[in-house]
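Colleague: A structural model of the following input is requested.
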Amino acid sequence: MTYGQGLVKSDVRVQGNDLIKLILASFLGGWVSGAVGLGGGSIFNPLLLSLGCPPTVASSTGMYMIIFSTAASTLTYIINGQLNVPYGFWVGGFCVLGTLIGMFGINNIMKKLGRQSPLVMLLAFVLAISAVAVIYFGVFKIISDGGDLIVWGNICK
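Modeller: Residues are numbered from 1 along each chain as shown. Predicted coordinates for the structure are as follows:
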């Protein structure tokens, strides 16, 4: 096998500081998305864009990476008996439907405009909404818990 053979312009060549940045951000991003419940795409998409990935490659790579953390989280909830499986299938089915409609729509918009900037703007919009929603719902959770910032619970019920 020849080094560098088969690479295309959109392939990320991770070496040196970029490799260290990618490894650290992947570990911390996985930890934060698992611990806080924040979507991994809001962490990985900006990282991949900063490494020079085209927006379509960054988005699809981020979605591929999230499959593994989502599967691990789902398995954990199933093992702990905290997942209503039929409800999960309903929600999952609508997520798949929404994903397909969204992909079709954004692809049509990018083809019509001849640029990938609508995808970048959409990613930035989703990131902004995520940041606001985490704070907004976090404040309501703190208020409903009686003002306690940290409420420790037992996940091994």
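
Colleague: what about residue 43, neighbour count?
Modeller: 23 (other C-beta atoms under 10 Å). Any C-beta I mention is one placed from the backbone N, CA and C, and that applies to glycine too.

Colleague: from the middle of its chain, how far away would the helix or strand harbouring residue 70 be?
Modeller: Following DSSP states H and E, one finds residue 70 within helix 55-79. Relative to the centre of its chain, helix 55-79 is centred 7 Å away, using C-alpha atoms, centre = their mean, to the nearest Å.

Colleague: okay, the angle between whatever helix or strand comes next after that helix and helix 55-79?
Modeller: Remark: after helix 55-79, the chain's next helix or strand is helix 85-113, criterion DSSP H and E. Helix 85-113 runs at 180 degrees relative to helix 55-79, counting by axes from the mean of the first three to the mean of the last three C-alpha atoms, to 10 degrees.

Colleague: residue nearest the centroid of the protein?
Modeller: The residue lying closest to the centre of the chain (C-alpha atoms, centre = their mean) is residue 41, at 2.1 Å.

Colleague: Tell me how far it lies from residue 85.
Modeller: 24 Å (C-beta to C-beta, to the nearest Å).

Colleague: buried stuff in the helix-or-strand element of the chain with minimal mean pLDDT?
Modeller: Lowest by mean pLDDT, DSSP states H and E among the helices and strands of the chain is helix 41-50, with a mean of 77. Using 16 or more other C-beta atoms under 10 Å as the test for burial, helix 41-50 gives 41-49.

Colleague: okay, the angle between that helix and helix 55-79?
Modeller: 150 degrees.
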